[in-house]
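>>> Next one to model:
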Amino acid sequence: MNIPIAMLHHVADNPHASLKKWSISHRKFVELLDCIENKGLKTITFNEIVEKKLANTDLENKIILTFDDCPASLFDFAIPELVKRNMKGVFFMPTAYIGASNTWDIEEHGTKEVKLMSTDDLKQLNAMGMEIGSHGQKHIRLNNVDHSKAFDDISNSKATLEKVLERPVYSFAYPYGKIPKGYKKMLSTAGYSFGISIYSSIENNFLLRRFGIHETDDSNTINLKISKRYSLMRIFYDPFFLLKNYIFKTRLAVV
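Model prediction:
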């Protein structure tokens, strides 16, 4: 499936220092949406692809906007801006933290506490025509746990969301972009249609690449990232990046 997929987390002006890496300003978010509109792209969700039975030819000039972790602050600016432009997004929720906060980040990185969306927030998003996908239960690195624990996290999060939303959940975003062994069978068995990563050496419907949007991006880099040319570049870049990262970590382990 050849469609650009953007990855965002926080959209906020003057974010806490611990969140800056994962944040873009209101101005940058508007710039992203302006680039999408100027390029003639339309936002779409994974729900629509499945339920409307869209073929690859139907995905021409489409783009998917994804938001990981579901910070409640997205309702302050990002979501109203999408609604104003008649755009849609896909919001990936770690279900153990519905109505709570980003405990995994606080414990591991000392990140500032962030309030996450509640059950009512998720229902409101669903009523708006947005998509809520799974980000697992506890936002764990699924490649670091055994098969049974990984599958339970993947399948239980889906069941939780479907109970809240009273509708099928089709998409799963791997926390940290970490892919477990047997990912394709686990996701298909659990009933997902799509798995969303970040970097991947190969790509299929259960291992879709995304690109990040950063505060340092300008209209030129944004236009590149949402282009077909960039998708082609990733075919060659991602395997090289992952190999380089693996070699670097291996050398650190030896030292």
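>>> List the residues that contact the nearest residue to residue 141 once chain neighbours are set aside.
Nearest non-adjacent residue to residue 141, counting by Cβ to Cβ, 6 or more residues apart in numbering: residue 178, 4.5 Å away. Yep, even glycine has a C-beta here, placed from its N, CA and C like the rest. Going by Cβ atoms under 8 Å, 6 or more residues apart in numbering, residue 178 touches 141, 142, 143, 144.
>>> neighbours around the second one, how many?
If I follow you right, that is residue 142. Using other Cβ atoms under 10 Å, residue 142 is surrounded by 23 other residues.
>>> Go ahead and confirm it touches residue 182.
No: under the criterion of Cβ atoms under 8 Å, residue 142 makes no contact with residue 182, lying 10.3 Å away.
>>> and residue 160, how many neighbours does it have?
By other Cβ under 10 Å, the residues close to residue 160 number 18.
>>> Model confidence score at the closest residue in space to it that isn't next to it in sequence, please.
Leaving out its chain neighbours, the residue that sits closest to residue 160 by Cβ to Cβ, 6+ apart is residue 95, at 4.2 Å. Note on residue 95: pLDDT of 98.
>>> give me phi/psi at residue 95?
Here is the backbone geometry of residue 95 (degrees, to the nearest 10): phi -70, psi -20.
>>> Same check on residue 10?
Main-chain torsions, residue 10, degrees, to the nearest 10: phi -110, psi 140.
>>> Return the distance of it relative to residue 101.
Using Cβ to Cβ, to the nearest Å, residue 10 is found at 13 Å from residue 101.
>>> anything in contact with each of those two?
Listed contacts common to residue 10 and residue 101 are residue 114; contacts here mean Cβ under 8 Å, 6+ apart.
>>> And these two? Which one has more around it.
Each of residue 10 and residue 101 has its neighbours counted (other Cβ under 10 Å); residue 10 has more, 22 against 16.
>>> Next up, the contacts around the nearest residue to the more buried one once chain neighbours are set aside.
Spatial nearest neighbour of residue 10, chain neighbours left out: residue 23 (4.0 Å); criterion: Cβ to Cβ, 6+ apart. Going by Cβ under 8 Å, 6+ apart, residue 23 touches 9, 10, 11, 12, 15, 215.
>>> Farthest pair within the residues you listed?
The span of those, defined through Cβ to Cβ, is set by 9 and 215 at 12.0 Å.
>>> Neighbours of residue 181, how many?
If you count neighbours by other Cβ under 10 Å, residue 181 ends up with 11.
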